[in-house]
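**Student:** What would the 3D arrangement of this be:
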Amino acid sequence: MPSSGAIYGSKVDTITGTGIRRDEYGDYCCAMGVWYGYCGDRFLIKLENGTQFTTKICDSKGYADDGEGKYHNFGGSGKCIVEFIYDDHHLPFCVAFSGSCGYYNWNGLDLSSNIKSIKKINYGEPVEY
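**Tutor:** Below is the predicted model:
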């Protein structure tokens, strides 16, 4: 499920046409529970279909009812969610209607598969794909 709002220092991704905001490093802005990290932390997300992309926590979800602060579990159950931050004025109708970016291939960003892994990465260090 996408989140709405303008995040300082981020711009709408014009390549994929998703309306998702990206920062100056190309990381997709997302909201995640504190189990994963805090605002500003970066991650490499790999999907089961081989798609890989980087994200940055731009909105913290805090602690969840699960007692761990995950909010968005992945693997095993097939329920995989990354809550992207999008720009209201650039959200495609199909996403507004369905409530999900995950049904589509966005000009090479194929989000139609479940999450395989979420790996924390650091600024200034090489990312191992």
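
**Student:** hey, where'd the strands end up in this protein?
**Tutor:** Taking DSSP state E as the test, the strands found in the chain are 3-4, 11-12, 21-22, 28-32, 42-47, 52-60, 83-86, 105-106, 109-110, 115-121.

**Student:** who are the neighbours of the third one, in terms of helices and strands?
**Tutor:** So the one you mean is strand 21-22. Contact analysis of strand 21-22 by 3 or more Cβ pairs under 8 Å, 6 or more residues apart in numbering; DSSP states H and E lists strand 11-12, strand 28-32, strand 83-86 as its packing neighbours. The C-beta positions use only the backbone N, C-alpha and C, and glycine is treated the same way.

**Student:** could you dump the last one to PDB, C-alpha only?
**Tutor:** Translated: strand 83-86. Output of strand 83-86 as PDB, limited to C-alpha atoms (Å, rounded to 0.1, in the frame of the first residue of the first chain):
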ATOM      1  CA  GLU A  83       5.100   0.800   1.500                       C
ATOM      2  CA  PHE A  84       6.300   3.300  -1.000                       C
ATOM      3  CA  ILE A  85       6.000   7.000  -0.500                       C
ATOM      4  CA  TYR A  86       4.400   8.600  -3.600                       C
END
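
**Student:** roughly how far is it from the heart of the chain?
**Tutor:** 6 Å (Cα atoms, centre = their mean, to the nearest Å).

**Student:** residues of it that come out buried?
**Tutor:** For strand 83-86, the neighbour count (16 or more other Cβ atoms under 10 Å) marks Glu83, Phe84, Ile85, Tyr86 as buried.

**Student:** Output the below-cut-off pLDDT ranges for the protein.
**Tutor:** Across the chain, the ranges flagged by pLDDT under 70 are 1-10, 62-80, 129.

**Student:** follow-up on the earlier one: what would the buried residues of strand 83-86 look like in CSV with distance to Asp23?
**Tutor:** Shown next, in CSV, are the buried residues of strand 83-86 (distance: Cβ to Cβ, whole Å):
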residue, distance to Asp23
Glu83, 16
Phe84, 13
Ile85, 10
Tyr86, 14
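
**Student:** Looking at these, point me to the pair that's furthest apart.
**Tutor:** By the measure Cβ to Cβ, Glu83 and Tyr86 form the most distant pair in those, at 9.9 Å.
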